[in-house]
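1. just need the structure, nothing else, for what follows:
(one chain, ligands or ions: 1)
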Amino acid sequence: MEYSFNGLNVTSFESRRSQEIEKLIRYHKGNPRVAPSMRELPEAESPDISSFSKQLFDGNIDLLILMTGVGTRFLSNLVIDEFGRGRYLEALRNTNILARGPKPVAALRELNIKADITVPEPNTWRDILKTIEDENLDIEGKNVFVQEYGVSNKKFTDSLKSLGANVKTITIYKWALPEDINPLRDAIKSISKGKEDCLLFTSSQQVVNLLKIAAEDGLESSLRNGAKNALIASIGPTTTETLNDKGFSVDYEPNSPKMGNLVREMARSASSLLNKKRTALNNGVSTDNWKRVDMIWTKSVADRKEVTYNSEFMKACRLEKTDYTPIWIMRQAGRFLREYRELRSKVSFLDLCKNPSLSAEVTLMAVDRLGVDAAIIFSDILLILESLGIGLEFSKGDGPQIKKPVRNSSDIDSLKEFETESLEFVYDALKITRKALDPKIPLLGFAGAPFTVASYAIEGGGSKNYINTKKMMYKDPELWKTVMEILTDSTSKYLNAQIKAGADAIQIFDSWAGCLSPDDYSKYVLPYMKKLVNNIEHDLPIIIFGTGTNSLLELFSTTGANVVGLDWRVDIVDGWEKVGFDKAIQGNLDPATLFSTPKYVADEAKKIIDKVGNRPGHIFNLGHGVLPNTPVDNVLRLVDEVHEYSNKVR
Ligand code: CP3
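-> Predicted coordinates for the structure are as follows:
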């Protein structure tokens, strides 16, 4: 798997590791330009060194925060030069050390010292604060020493102070311009002329220095203009924040803030992102400070619909031949993406779902990041419960919680009449997304199936044995019927409204139907599923999905849906046979596979594609949603392998 820039002009502003990044760009077939834009200059005088050393030796530092590798090395050398290695190392061993990330850890390792706490990716100052909170570090009244670099980060030290810490800083080095600024000047000229395709920023200071030199040369506005025509990639959140503050949008940030990932992932996505950005410019979209939702692909709705209709995903749903196997991933816009977690740290899950523009942004984010063949609107199957007057909470770690479960007839009598408009925010999100989404990519709407939603409403949350649900089903079939009818009718209206708002296909999640015997499914669930599918007023693909459904697949197939989702417990061909070869299937890689290695993932994907062979009508997916903590690199590999391998064997 070799990602290629295909000869695009790629500019990097990296200084210390300039040769390394140049090699990486060349390896990925980019045309590199490296314009070092800064230099680390040791503080001329080190006024803090003796007071820092004294406090360290006296055991007065309760927490030493090391921000950078370079800084850790400078600091160590200064102290060792003055007081000797033995004394310094002993004091370090007796001090609680927090390392911001792998670089200070590596610098400590050279001294045979281990950090007590290491901050997880993306290692920003906000992550340090979060680690302090997560690890329950009590810093109130404690002496905290921060090794700083470049400019002092007041927001960070103020936050430490607000936790009650007694904060001292030691600035080890400052930023300066490189000795030779001609490469930077040349880069500015080239960007200004619109000749650069890809700009890679690996630190915040690069942005500052680039603008400073451009301003000095009277080229700031032409630089900004030229940058509209190029992709802007940032190594991580702090650099992104600086770029945004300076009026640039970031087109790509890797999931892991590493140089190798930045270059490799840009090589993977540059052509399609550049096409998107330049199409936007042609369609009059201002791209210098834009969001994903601002994209306009085409002004003609009819053209858009035709392209979507002929996409690989839609063809596979109709059992038509495709050039490659289309793939999307259930829960593709979830917590396994760092960008998602970052957004979620600022807004609650329900507020996110109810903000159409944010929910559209998240939907589009997954497509940009993963390169999948379908988008699924960001929402949740349980939102419909709120419309019925059932209070809902998503608490951290515990999953969804229903405040007052629906257990008896008076609970049901007190339900609200479903009003389609109560979920307007979902329709708005679909409208916004469909406008900004590449026409080649169909947009899926979705809902929970009546049984699965009922099980949450009755149990009050997730369940293992579904005792309350089954009790109602068996002991009070009339009450069960009422619940299922309410859910079937409201879900039909909900789905029809989603389709009107722009959904190109629909998935119905009956995630927990697998807990039922075939007889119970036939008697208590199937009639409602048939009614639900039949109530959909439009001709478009309907996917139904559940887990643990091996013994229900023949019945799923009679619902009227065009596509049946398979989980990983069933062999894909056996499952398809049960569904019937006159229907399309979706699945079915075990989500846990993604915790292995890229090679293992690729091999497992190939096995599934080989089993399917030449039969049209397979949409690749996982057997259930992608799990939190899944390594993103493995997901990228899965998507690419499915595309490339299926294209090769067909
Ligand atoms: O697939 C997508 O990317 C679209 C979004 C989507 C979500 N939920 C977002 C979500 C979809 C299609 C769903 C469907 C859903 N929701 C199902 C059926 C699919 C399945 O996985 O079986 C079910 C059973 C639910 C109910 C639900 N919502 C549960 C059990 C949980 C908690 C467990 C978990 O994964 O956190 C949720 C919350 C939820 N729904 C999250 C997301 C991204 C996590 C919320 C967070 O950010 O903390």
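2. do you know the pLDDT at the residue nearest to residue 113 when sequence neighbours are not counted?
-> Excluding its sequence neighbours, the residue lying closest to residue 113 (Cβ to Cβ, 6 or more residues apart in numbering) is residue 92, at 5.1 Å. Glycine gets a C-beta too; all of them are placed from N, C-alpha and C. Looking at residue 92, its pLDDT reads 95.
3. residue 92 contacts residue 111, correct?
-> Yes - with contact defined as Cβ atoms under 8 Å, residue 92 reaches residue 111; the gap is 7.2 Å.
4. and the two? Which one has more around it.
-> Per other Cβ atoms under 10 Å, whichever of residue 92 and residue 111 has more neighbours is residue 92, with 20 against 16.
5. quick one, what contacts the more buried one?
-> Listed by Cβ atoms under 8 Å, 6 or more residues apart in numbering, the contact partners of residue 92 are 56, 64, 108, 111, 113.
6. what residues does the stretch 501-650 of the chain have near the ligand?
-> Proximity of the stretch 501-650 of the chain to the ligand is confined to 509, 511, 624-625 under the rule Cβ under 6 Å from any ligand atom.
7. got these as a markdown table, with secondary structure, neighbour count and pLDDT columns?
-> Converted to a markdown table, these look like this (DSSP: H, G, I helix; E, B strand; the rest coil; neighbours: other Cβ atoms under 10 Å; pLDDT from 0 to 100):
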| residue | secondary structure | neighbour count | pLDDT |
| --- | --- | --- | --- |
| 509 | strand | 22 | 98 |
| 511 | coil | 24 | 96 |
| 624 | coil | 23 | 97 |
| 625 | coil | 18 | 97 |
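8. could I get those residues as JSON lines with distance to residue 644?
-> Shown next, in JSON lines, are those (distance: Cβ to Cβ, whole Å):
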{"residue": "509", "distance to residue 644": "30"}
{"residue": "511", "distance to residue 644": "31"}
{"residue": "624", "distance to residue 644": "25"}
{"residue": "625", "distance to residue 644": "24"}
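9. just those residues now: which is nearest residue 36?
-> Proximity of these to residue 36, judged by Cβ to Cβ, is greatest for residue 625, which lies at 44.1 Å.
10. tell me the contacts of that closest one?
-> 330-331, 334, 591.
11. which two in the residues you listed are spaced the farthest apart?
-> Longest distance between any two of these is 11.2 Å, between 334 and 591; criterion Cβ to Cβ.
12. between these two, what contacts are shared?
-> Shared contacts of residue 334 and residue 591, defined by Cβ under 8 Å, 6+ apart, are found at 625-626.
13. now find how far off-centre stretch 405-419 is within its chain.
-> Centroid separation between stretch 405-419 and its chain, computed with Cα atoms, centre = their mean, to the nearest Å, is 36 Å.
14. so where do the helices sit in the stretch 451-600 of the chain?
-> Assigned by DSSP state H, counting those that start in this stretch, the stretch 451-600 of the chain shows helices spanning 467-475, 477-500, 518-520, 526-535, 553-556, 572-579, 598-612.
15. the longest one near the ligand anywhere?
-> So that's helix 477-500. No - if you take Cβ under 6 Å from any ligand atom as the test, helix 477-500 misses the ligand, and the best it gets is 12.3 Å.
16. any idea which residue of the protein lies closest to the ligand?
-> Nearest residue of the chain to the ligand: residue 511, at 3.2 Å (Cβ to the nearest ligand atom).
17. which stretch of helix or strand covers the residue nearest to residue 113?
-> Using DSSP states H and E, residue 92 maps to helix 85-93.
18. may I have that helix as PDB, with CA atoms only?
-> C-alpha atoms of helix 85-93 as PDB (Å, rounded to 0.1, in the frame of the first residue of the first chain):
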ATOM      1  CA  ARG A  85      25.100  14.600  36.600                       C
ATOM      2  CA  GLY A  86      24.800  12.500  39.700                       C
ATOM      3  CA  ARG A  87      23.100  15.100  41.800                       C
ATOM      4  CA  TYR A  88      20.700  16.000  39.000                       C
ATOM      5  CA  LEU A  89      19.600  12.500  38.300                       C
ATOM      6  CA  GLU A  90      19.100  11.700  41.900                       C
ATOM      7  CA  ALA A  91      16.900  14.800  42.300                       C
ATOM      8  CA  LEU A  92      14.900  13.900  39.200                       C
ATOM      9  CA  ARG A  93      14.400  10.400  40.500                       C
END
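19. now mean neighbour count and distance to residue 649 too, for the helices of the stretch 451-600 of the chain, in JSON lines please.
-> Below are the helices of the stretch 451-600 of the chain laid out as JSON lines (neighbours: other Cβ atoms under 10 Å; distance: least, Cβ to Cβ, whole Å):
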{"stretch": "helix 467-475", "mean neighbour count": "16", "distance to residue 649": "44"}
{"stretch": "helix 477-500", "mean neighbour count": "19", "distance to residue 649": "34"}
{"stretch": "helix 518-520", "mean neighbour count": "13", "distance to residue 649": "35"}
{"stretch": "helix 526-535", "mean neighbour count": "18", "distance to residue 649": "33"}
{"stretch": "helix 553-556", "mean neighbour count": "19", "distance to residue 649": "26"}
{"stretch": "helix 572-579", "mean neighbour count": "19", "distance to residue 649": "15"}
{"stretch": "helix 598-612", "mean neighbour count": "17", "distance to residue 649": "7"}
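20. looking at those, which is nearest to residue 370?
-> helix 598-612 (13.5 Å).
21. show me what whichever helix or strand comes after the closest one is packed against.
-> Next helix or strand after helix 598-612 toward the C-terminus (DSSP H and E): strand 618-622. Where contact means 3 or more Cβ pairs under 8 Å, 6 or more residues apart in numbering; DSSP states H and E, strand 618-622 is packed against helix 312-317, strand 584-589, helix 598-612.
22. middle-most residue in the chain, spatially?
-> The C-alpha lying nearest the average C-alpha coordinate of the chain belongs to residue 337 (Cα atoms, centre = their mean; 2.8 Å).
23. who's in contact with the closest residue to residue 485 other than its chain neighbours?
-> Counting by Cβ to Cβ, 6+ apart, residue 485 lies nearest to residue 528, which is 7.4 Å off, once chain neighbours are set aside. Residues in contact with residue 528, defined by Cβ under 8 Å, 6+ apart, are 450-451, 484-485, 487-488.
24. now the strands for the stretch 151-300 of the chain?
-> Secondary structure of the stretch 151-300 of the chain (DSSP state E, counting those that start in this stretch): strands at 166-171, 173-176, 198-201, 231-234.
25. give me the sheet partners of the longest one and which way each runs.
-> What that stands for is strand 166-171. Sheet pairing of strand 166-171 (DSSP bridges) gives strand 143-148 (parallel).
26. work out the gap between the strand it pairs with and the centre of the chain.
-> Distance, centroid of strand 143-148 to centroid of chain: 33 Å (Cα atoms, centre = their mean).
27. now do stretch 397-414
-> Mean-position distance between stretch 397-414 and its chain equals 31 Å (Cα atoms, centre = their mean).
28. let me see the mean pLDDT of that stretch.
-> 92.
29. ends of that stretch, what's the gap?
-> With Cα to Cα, to the nearest Å applied, stretch 397-414 spans 30 Å between its terminal residues.
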